[in-house]
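In: Sequence and predicted structure, then a few things I'm wondering about:
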Amino acid sequence: MYEKKINVLRNIHSKKLYKKEILVKVLPNFNDHILKKPDWIKVRFPSNIDKIKNTKRILRKHKLNTVCEQAACPNLFECFNKGTATFMILGTTCTRRCPFCAVDHGKPLNINVNEPIQLSKAILDLDLNHVVITSVVRDDLKDRGAKHFSNCIQAIRTNRNIIIEILVPDFKGVLQDAIQTISVFPPDIFNHNLENVPRLYKFVRPGANYKQSLRLLELFKIKNSDVITKSGLMLGLGETTKEIIQVMKDLFNSGVNILTLGQYLQPSNSHIPVQRYISPLEFLQLEEQALSIGFERAFCGSLVRSSYHAELQYHKSLTILKGT
């Protein structure tokens, strides 16, 4: 069984991970020791990998990338086995170097102008009813990639009536223009993750601005009041409970409908070590806190990611938001 898992890993993670070292700034009181992963964090491997192979075959056929593979998501096996994935557009090279993220960074290639059509065809082949699209950060582009997001949404809507969720970067410096561009063909769910608390931003999200990220969510909601907005944090990087609750309140006051909280897991030894593992009871208490603040829905747990069970998250939220 162990050898089988190894073979699956080799097949799934076809790209060479962690090929670039990330320089991690060390904060005072920062623990650089590797903590033992607790028993409650377990990833289940499917006994039959035929569906995973088929999902990969379709992705490769259409020459598409997924954040599941590029970021070494722990839920990859479960999602691919269900025939779903979170597509990553605008290439595989990010112009920022966040020390928690396994996605490659550096100088990106030119945009693949055929990607919207390729994406649309892959969605048909996978027979998806709900698609999540994210991207690398493209600070090198004048519009930061907003038009490409819009082109992808338009291409998908042309071929199929489907729920479209986008998980966008912060569109640094062109925030209002980006919102204007995406609002021409708006998604069904607009997601932008804050990732962590503002005190740790220079460390965790270098190049990002906490208030600007909140502003992005707020302005999009003002312009698209009927579109569900969503944001998430990864916990275990040194934040306090008081700081988490303040971020929740900031998000709620920015019009965000759905909150996701998950455990940060260190992709490799060259990334930020986990500072603390949050217990299932703490996640439950944070979920209750989020609901008491006013969020329509909060999804909190060790393996929760913003796109994990995204279709289920959407339908659970829809019953409250639209009374259906």
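Out: All right, it came through fine.
In: where exactly do the helices run in the protein?
Out: For the chain, helices defined by DSSP state H occupy the ranges 2-12, 50-61, 67-70, 76-81, 115-126, 146-159, 175-182, 201-204, 210-223, 241-253, 280-293, 310-321.
In: just so I know, which of the ones you listed lies nearest Lys230?
Out: helix 310-321 (7.9 Å; C-beta to C-beta). Any C-beta I mention is one placed from the backbone N, CA and C, and that applies to glycine too.
In: Next, count neighbours for Lys202.
Out: Applying other C-beta atoms under 10 Å, we find 12 other residues in the vicinity of Lys202.
In: Distance to Arg44 and mean pLDDT added to the helices of the chain, as CSV?
Out: Output for those, formatted as CSV (distance: least, C-beta to C-beta, whole Å; pLDDT from 0 to 100):
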stretch, distance to Arg44, mean pLDDT
helix 2-12, 11, 42
helix 50-61, 13, 96
helix 67-70, 16, 93
helix 76-81, 7, 92
helix 115-126, 22, 96
helix 146-159, 31, 95
helix 175-182, 36, 98
helix 201-204, 29, 92
helix 210-223, 33, 97
helix 241-253, 28, 98
helix 280-293, 16, 98
helix 310-321, 17, 77
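In: Of those, which stretch is the most buried?
Out: Comparing the helices of the chain on average neighbours per residue, with mean count of other C-beta atoms under 10 Å, the densest one is helix 67-70 at a mean of 24.
In: What is that one packed up against?
Out: In terms of contacts (3 or more C-beta pairs under 8 Å, 6 or more residues apart in numbering; DSSP states H and E), helix 67-70 is packed against helix 76-81, strand 86-89.
In: Distance from the chain centre to the longest one, please.
Out: To tie it back to what came earlier, the one meant is helix 76-81. In terms of C-alpha atoms, centre = their mean, to the nearest Å, the gap separating the centre of helix 76-81 from the centre of its chain is 15 Å.
In: So what touches that helix?
Out: Outside helix 76-81, the residues that touch it by C-beta atoms under 8 Å, 6 or more residues apart in numbering are 8, 12, 43-46, 49, 51-52, 55-56, 68-69, 73, 85-86, 308.
In: For Leu119, see how far away Glu311 is.
Out: Glu311 is 17 Å from Leu119, where distance means C-beta to C-beta, to the nearest Å.
In: tell me the contacts of Ile189?
Out: Contacts of Ile189 (C-beta under 8 Å, 6+ apart): Ile163, Ile164, Glu165, Ile166, Val227, Ile228, Thr229, Lys230, Ile258, Ala310, Tyr314.
In: Quick check: Leu90 touching Arg138?
Out: Yes - Leu90 is within contact range of Arg138, at 5.2 Å (criterion: C-beta atoms under 8 Å).
In: anything in contact with each of the two?
Out: Pro108, Gly145.
In: which residues touch the closest residue in space to Gln263 that isn't next to it in sequence?
Out: Distances taken as C-beta to C-beta, 6 or more residues apart in numbering place Ser302 nearest to Gln263, at 4.2 Å, with adjacent residues excluded. With contacts defined as C-beta under 8 Å, 6+ apart, Ser302 is in contact with Trp40, Ile41, Gly262, Gln263, Tyr277, Ile278, Pro280, Phe283.
In: So which of these is the closest to His130?
Out: The nearest member of the contacts of Ser302 to His130, counting by C-beta to C-beta, is Gly262 at 19.1 Å.
In: what's the burial count for that closest one?
Out: Residues near Gly262, counting by other C-beta under 10 Å, number 23.
In: Who does it form a beta bridge with?
Out: Met234, Gly301 (DSSP bridges).
In: Would you confirm that it contacts Gly236?
Out: No - Gly262 lies out of contact with Gly236 (C-beta under 8 Å); the separation is 9.1 Å.
In: ok now do Asp143, which residues does it touch?
Out: Counting by C-beta under 8 Å, 6+ apart, Asp143 makes contact with Phe171, Val174, Asp177, Ala178, Thr181.
In: which residues does the closest residue to the first one other than its chain neighbours contact?
Out: Residue nearest to Phe171 in three dimensions, not counting chain neighbours: Ala178, with 3.7 Å by C-beta to C-beta, 6+ apart. Listed by C-beta under 8 Å, 6+ apart, the contact set of Ala178 reads Asp143, Arg144, Ala146, Val168, Phe171.
In: Next one: Ala178 from Phe203, what distance?
Out: Ala178 sits at a distance of 26 Å from Phe203 (criterion: C-beta to C-beta).
In: again with Leu109
Out: Distance, Leu109 to Phe203, using C-beta to C-beta: 29 Å.
In: Also Leu259?
Out: 22 Å.
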